[in-house]
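Peer 1: pasted the sequence and its predicted model underneath.
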Amino acid sequence: MSDALLSSTYNQILEIIAKVEPRVADATRAELRDQRSSLKLIASENYASPATLLTMGTWFSDKYAEGTVGHRFYAGCQNVDTVEALAAEHARELFGAPYAYAQPHSGIDANLVAFWSILAHRVETPGLEKLGAKNVNELSESDWEQLRHELGNQRLLGMALDAGGHLTHGFRPNISGKMFHQQQYGTDPQTGLLDYDAVAAKAREFKPLIIVAGYSAYPRRINFAKMREIADEVGATLMVDMAHFAGLVAGKVFTGDEDPVPFAHVTTTTTHKSLRGPRGGLVLAQEEYAADVDRGCPMVLGGPLGHVMAAKAVALAEARQPEFRTYAQNVADNAKALAEGFLSRGAQLVTGGTDNHIVLLDVSTFGLTGRQAESALLDAGVVTNRNSIPHDPNGAWYTSGIRFGTPALTTRGFGRDEFDRVAELVVDVLKNTSVGTTKAGAPSKAAYALADGVADRTHAASAEMLDKFPLYPGLDLA
Ligand code: PLP
């Protein structure tokens with residue numbers, strides 16, 4: 001798309017929006033300004049292509065299409081069928097999956113679809129005959145109660161939140177921790193690495209129906225062949241949530257035992273993180289689970305978002321291009337450069353480094369909580385998020401870690417030198433941040449003070465780099 005065309009397209013779109021609600025048009029312009037002028041290091045974010053973004057702004061948004069391709073509960077779904085089938089086809093081809101479901105509205109929705117399809121596939125209900133009924137319409141309220149009890153009495157083993165797992169992997173306050181009896185596996189206290197023998201021992205003892213592998217904040221690769229072996233030994237279904245690292249799988253950085261798709265019975269992902277697509281989810285499955293996953297709507301999903309499925313098709317088509325492999329390799333190389341940049345300046349990293357797109361910095365060595373570090377970095381134009389580290393003494397709210405990710409700035413064109421400079425800037429900010437006090441004068445876990453001049457010099461240094469790698473180059477908003 002030419003620069004002039006991109007600019008005139010967006011300016012016209014914003015003009016149309018401004019005629020109805022100018023404040024939304026203003027906020028949209030401001031969001032681009034903010035994203036352009038900050039170092040976006042949030043590991044779960046990226047910048048989708050203009051083609052992907054524009055695809056979301058169409059009349060597919062207006063169409064209801066509950067059901068599946070060719071089998072809808074509404075008339076007139078032939079074009080939604082086309083885009084959903086395309087998104088699924090690209091996903092199957094890209095990931096080498098026997099089956100793909102493109103409807104989940106988000107990563108959490110994809111996980112809910114996976115959970116319910118595994119339950120539907122694996123759990124033997126008490127049997128209608130045993131309940132004295134010929135069909136489900138004859139079940140009494142107490143029969144349903146028993147069914148619900150049996151479905152909900154299953155066991156799930158997932159990675160603990162403070163080891164890097166996600167809320168939906170059995171965290172108690174999440175529905176996944178309520179609908180399943182859950183146990184969690186952590187990481188080795190010495191190395192911070194996943195200990196497969198410990199996972200196997202826990203699985204043998206707990207005998208889960210589902211083992212979930214995958215993470216939001218673990219800076220290392222997983223051996224999925226080993227996870228499948230463990231699942232097979234205890235008769236569990238292996239579900240992999242690759243929401244974070246799907247781009248590295250798509251870009252063939254994770255291959256062999258590190259590629260989850262051949263080993264997992266069901267694989268879920270988001271499409272908007274390292275995969276660089278629209279906000280949304282996907283479920284991939286082995287044939288055996290396909291029919292159950294296909295019932296995601298109406299099982300746990302409402303009407304599919306046709307405009308987002310269309311954008312998934314566009315983004316997945318992009319991810320099938322050879323350039324995406326270069327991008328994915330750069331994401332991993334840049335994370336290594338960032339980690340080395342931190343280590344060479346004396347900072348401490350969970351697991352001592354990275355071999356994916358995530359770097360998890362332990363900010364307690366700077367005498368700060370994650371909350372203080374996150375705020376000070378934001379003041380200096382460095383956008384990150386605080387994150388628990390294993391056995392975090394500051395809990396999930398204040399935390400002791402800052403999570404960094406390379407997907408977004410790699411999309412802008414940053415390379416190893418720029419990421420080394422990022423490490424230098426971050427360390428400078430953290431070294432110049434001190435702990436503040438509460439109103440009563442006690443040390444606070446939230447208050448902080450950034451030394452004079454640090455925010456300004458960090459902004460100036462970032463601007464120099466960001467100017468070299470413009471976001472949506474050529475896009476000029478009026
Ligand atoms: N799974 C993992 C591993 C994630 O990191 C996330 C998002 O943070 C999700 C699922 C949920 O994705 P969404 O925010 O799209 O629901």
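Peer 2: Received, thanks. Just so it is clear, the model here is predicted, and its values are computed rather than measured.

Peer 1: if you count neighbours, what's buried in stretch 225-233?
Peer 2: By neighbour count on 16 or more other Cβ atoms under 10 Å, the buried set for stretch 225-233 is 226-228, 230-231. The C-beta positions use only the backbone N, C-alpha and C, and glycine is treated the same way.

Peer 1: ok, stretch 8-27 next?
Peer 2: Residues 10, 14, 17, 25 are the ones in stretch 8-27 that count as buried (16+ other Cβ under 10 Å).

Peer 1: I'd like the distance from that stretch to the chain centre, please.
Peer 2: Distance of stretch 8-27 from its chain centroid, counting by Cα atoms, centre = their mean, to the nearest Å, is 30 Å.

Peer 1: same thing with stretch 229-236?
Peer 2: 26 Å.

Peer 1: now whichever residue of the stretch 101-250 of the chain sits closest to the ligand. Nearest residue, chain neighbours left out?
Peer 2: Here the residue of the stretch 101-250 of the chain nearest the ligand is G107; by Cβ to the nearest ligand atom that distance is 2.4 Å. The spatial neighbour of G107 that comes closest, neighbours along the chain excluded (Cβ to Cβ, 6 or more residues apart in numbering), is T270 at 3.8 Å.

Peer 1: what's near enough to touch the one you found?
Peer 2: 44, 106-107, 110, 243, 246, 279-282 (Cβ atoms under 8 Å, 6 or more residues apart in numbering).

Peer 1: by neighbour count, which of these wins?
Peer 2: A246 (33 neighbours; other Cβ atoms under 10 Å).

Peer 1: do a quick rundown of the helices in the stretch 201-350 of the chain.
Peer 2: Under the criterion DSSP state H, counting those that start in this stretch, helices of the stretch 201-350 of the chain are mapped to 224-234, 246-250, 287-293, 296-299, 306-319, 322-344.

Peer 1: who in the stretch 51-200 of the chain is up against the ligand?
Peer 2: 106-108, 166, 168 (Cβ under 6 Å from any ligand atom).

Peer 1: let's see it at 5 Å
Peer 2: Residues of the stretch 51-200 of the chain lying close to the ligand by Cβ under 5 Å from any ligand atom are 106-108, 166.

Peer 1: which one of these is nearest to D34?
Peer 2: The shortest approach to D34 among these belongs to S106, at 22.8 Å (Cβ to Cβ).

Peer 1: will you turn the buried residues of stretch 8-27 into TSV that also has pLDDT?
Peer 2: Formatted as TSV, the buried residues of stretch 8-27 follow (pLDDT from 0 to 100):
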residue	pLDDT
Y10	97
L14	98
I17	98
A25	98
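
Peer 1: among these, which are in helices?
Peer 2: Per DSSP state H, helices hold the following members of those: 10, 14, 17, 25.

Peer 1: break the protein down into its domains, please.
Peer 2: Following the assignment in automatic domain parsing, the chain carries domains at 61-319, 323-466.

Peer 1: is the shortest one anywhere near the ligand?
Peer 2: No: residues of domain 323-466 contacting the ligand under Cβ under 5 Å from any ligand atom: none, with a closest distance of 10.0 Å.

Peer 1: start and end of that domain, how far apart?
Peer 2: In domain 323-466, first residue to last residue: 22 Å (Cα to Cα, to the nearest Å).

Peer 1: next one: that domain to chain centre, how far?
Peer 2: That offset, for domain 323-466, works out to 19 Å (Cα atoms, centre = their mean).

Peer 1: what about the residue nearest to A317 when sequence neighbours are not counted, helix or strand, and which?
Peer 2: Nearest residue to A317 in three dimensions, chain neighbours excluded: H90, at 5.5 Å (Cβ to Cβ, 6+ apart). Counting by DSSP states H and E, the element that carries H90 is helix 78-95.

Peer 1: mind listing what N394 touches?
Peer 2: Here N394 is in contact with 364, 369-371, 388, 400, 445 (Cβ under 8 Å, 6+ apart).
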